[in-house]
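> no sequence for this one, just the structure:
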């Protein structure tokens, strides 16, 4: 059953040094507030999983929290590179970053398989790609009915999943609406889960097939208003595309990055750190 | 792109003798009107697929349309046996019925795999059950990461899927709401699909993550008011539990069954045949 | 306050006993029929926070009347949300979120294997039953399983004709020596069998069912007569607690509401 | 009515040409950036019934402005419906519902293999690029693939450093001799590469890219200078049709709307 915790306490309780952490949100509902709190608590040696490492992972990597990244597309969407990610891969700064790279289709299937309690995901994937040559976690199985060889990858089963959602009710049942990505799968696949929400409401008051994660399938629910900004929360605030563009210049340079993180994250209180 | 057809024409066009047909609806939205039309058109040698053969399959089997049934639970829910199904299995009447039997979990996964374009479904299933001894389509694969042996069954890829839904818009986009079962999977897994609906509306006017099947993924949309009765359509009419109970006596006996079918299906026009 | 015993039917005794087994807050995958009656009675009495899941995809449902089928509209209308059937079996059951799988059966044997497939031979059955439905994986993927069934020699057989749904297998060892990954996801199997006469639990060592409690007024001989094998009794045999007046009242009122609701329009 | 040529930029020429390749009613899985611009231009001009799908799960979306990311709110708000990302890749892409996969790239080689992973060696890259994202399976599971990319020697290389996304493989035969079940689900691969200079198509036999049309005013030498291998030209080389005034107007208006929308609030 979900506990209602502060952001500080949820991160302190569930995100241990060395943990495997999946913070999801496909462009929409990216859990920035939680990521900033992980940075503030100076967690180290994390294995981070995410289909689309976004600014939040750029920040966590640049601040030295991360030893390994499992991902399928690592850029600033529509803008360009994630410079802190590149610096870590290309120059091992601030610490070496081991990468384990997939395609979106494979990672989506691996989350699905993790949620389904299976050890592997099966897909018709990676045909002709060099990715299996550089990722020894991409293997294959043979279909016993057709003889077709299909790609197999390990399911994703993180220690902790962290997502942001629109709202929770007083029982910790969480509603996700709009671009729902792989958030439900991430939570169900993980041992522990933290869900930050814009607000707590009396009733979710929605339709019969809404994407709702029951409170009993979540470890902690945390109120974090604007907790996805500069990403967005459908029905609450739009994506701050301007900031995404601005980030390119901030992150391009180690010093300007450090200064920005210092001002906006390290010396901010949890409720101030998102923008 | 979905064509708008009459029930007669849709069945005549897409359901051929000898076809593999999946008519789905998990208690809710069972396509009775379409089933009755298949009976009226005296289709023969069908392979029928359905997780829960309900009264509609009892009727199709009793009327001699079916040579093989792939299923996971064949009863009259909360009432008892499907007597026509039992007569076919136990006494080969009116024609012998070959059965291929699964569990719900396996069939649900097999529909999912069919919709996903895969040849097989993988699940942690059938452990300790005798079902694999009597169904040679239940095999296994070994996970290349853990060495665990998991059940594998062929995905379901029917020639035709037939479902009932609440409504379609003028482009043939279909909304399913409430207990959505495996209907979307059945349509996406099939080569052709017929969707009967309660009504055509200007706009589906629903929420961002509604269960909608786009018109371009459907072969034919057919208006069939009360087309799921005596099953039900959430938001339109309730389940006729009384009829489900009455069916037990009607179907128990070959003569009373034949008389009922004659009166209510064979000599009814498509728009009269459901109750 | 307990109900005068004469007034309580064996069937009510079974339902109340089964309901009491379900803890508050438990997540329960509910089979149709008897289990549905017991699970909802639990929710309406001591376990208001019990989470009921039906295989139709209805998550955390609170029906006011008992469903006739596992997919009645009532289940969806009172659910937290309704998911697709593939999601239900993949994410919620196989994903490990079910504490108790609550099953009925047509036949059960001494190792709590269940048969809902047929009587006789598979290809030439004497009686064809509905089949497995959700049970085979409910029994293996839930953390534990409760079975609820009326007791008779026809139902309680030494060896089931067909193992639709595994308890502990033909020799009681089906849940031993599994691959570690399978073992990690398999539940403990049947932990209680609740009948209209008694409660049985598997022996911790050999997994054969042993009577651990008799319902008030039931004798050992009655149980022996209704069991198709040489049934064992626990050294310290308990007597099931008598239902309270409230439990009986809630149960009867639930069943009356249900009957009125399902009478519906007939042909 | 055609636009005076001097007024049209090479980039606009590329976008209009790519847009024209997309038939009305086509289901298109849209990559971000250039493909998104072209696919939406098509939808706003000759192909109002084109079905645009983005990997964020937005099905049949009709954005009024171009998304900056593949998951902008605009995509969801104007979509027929929005599904989960696993469903998008499993049911809609792998399930075989996509006619055209529309991709951009960082590098492309003579067999239309795409590299969006890195320049240099995998473990010690000179330049680390974003990676494959949806492209590896968009390229294999769509019925055909259009590639849209600005042409230069840096981009058009003889052999890509890394095959993120297969065209026809290192020797042009990657789509031959597949298992029949794989072959049944694999598309034809890249059928057009549209650049700011020309249109290329794979040779029907050896699958090497061949220039089949030059944009108006572009010379063979310009193409040769911008290609990192000895590029072949079709025997009958066409000239791309000049964009109409309407196409240019719709495109410019779309881009202006988009720019105003994304300026947003900056730090």
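That came through, no problem. Source: prediction; values computed, not measured. Numbering: from 1, shown residues only, chains lettered A, B, ... in the order given.
> Tell me how many other residues surround the residue lying closest to residue A:28 once chain neighbours are set aside.
Nearest residue to residue A:28, sequence neighbours excluded (Cβ to Cβ, 6 or more residues apart in numbering or on different chains): residue A:179, at 3.9 Å. Quick note: C-beta positions are derived from backbone N, CA and C, even for glycine. Using other Cβ atoms under 10 Å in any protein chain shown, the number of residues around residue A:179 comes to 30.
> Go over the secondary structure and confirm residue A:179 is in a strand.
No - Residue A:179 sits outside any strand when classified using DSSP: H, G, I helix; E, B strand; the rest coil, being coil.
> Let me see the contact set for it.
Residue A:179 sits next to A:26-29, A:234, D:56-58, D:71, D:73, D:75-76, D:82 when contact means Cβ atoms under 8 Å, 6 or more residues apart in numbering or on different chains.
> do residue C:73 as well
The neighbours of residue C:73, taking Cβ under 8 Å, 6+ apart as the test, are B:28, B:178-179, B:232, B:234, B:238-239.
> cool, residue A:244 as well?
Each residue near residue A:244 by Cβ under 8 Å, 6+ apart is listed here: A:55, A:76-79, A:230, D:68-69.
> What about it? Give its phi and psi, please.
Main-chain dihedrals, residue A:244, degrees, to the nearest 10: phi -60, psi -40.
> Helices of the stretch 51-200 of chain C, start to end?
Using DSSP state H, counting those that start in this stretch, the helices found in the stretch 51-200 of chain C span residues C:73-77, C:85-87, C:135-141, C:180-185.
> Can you add mean pLDDT and distance to residue D:186 and give those helices back as TSV?
Below are those laid out as TSV (pLDDT from 0 to 100; distance: least, Cβ to Cβ, whole Å):
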stretch	mean pLDDT	distance to residue D:186
helix C:73-77	91	40
helix C:85-87	98	25
helix C:135-141	98	33
helix C:180-185	96	32
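> Which stretch among those is buried most, on average?
Ranked by mean neighbour count, these are led by helix C:135-141 with a mean of 29 (mean count of other Cβ atoms under 10 Å in any protein chain shown).
> how far is that one from where the chain is centred?
12 Å (Cα atoms, centre = their mean, to the nearest Å).
> Could you do stretch A:252-263 as well?
22 Å.
> Show me the contacts of residue A:244 that map onto strands.
Among the contacts of residue A:244, the members found in strands (DSSP state E) are residue A:76.
> Show me what from the stretch 101-250 of chain C comes close to chain B.
C:113, C:117, C:122-123, C:125-137, C:140-141, C:162-166, C:169, C:174-175, C:178-179, C:181-182, C:185-186 (Cβ under 8 Å from any Cβ of the partner chain).
> neighbour-wise, which of the contacts of residue C:73 leads?
The most crowded member of the contacts of residue C:73, judged by other Cβ under 10 Å, is residue B:179 (30 neighbours).
> State the pLDDT value of that residue.
Per-residue pLDDT puts residue B:179 at 97.
> Tell me the residues of the stretch 1-150 of chain C that contact chain A?
Going by Cβ under 8 Å from any Cβ, the residues of the stretch 1-150 of chain C near chain A are C:25, C:27, C:51, C:59-60, C:76-77, C:79-83, C:90-91, C:94-97, C:141.
> Please pick the buried ones from these.
C:27, C:51, C:59-60, C:76-77, C:79-83, C:90-91, C:94-97, C:141 (16 or more other Cβ atoms under 10 Å in any protein chain shown).
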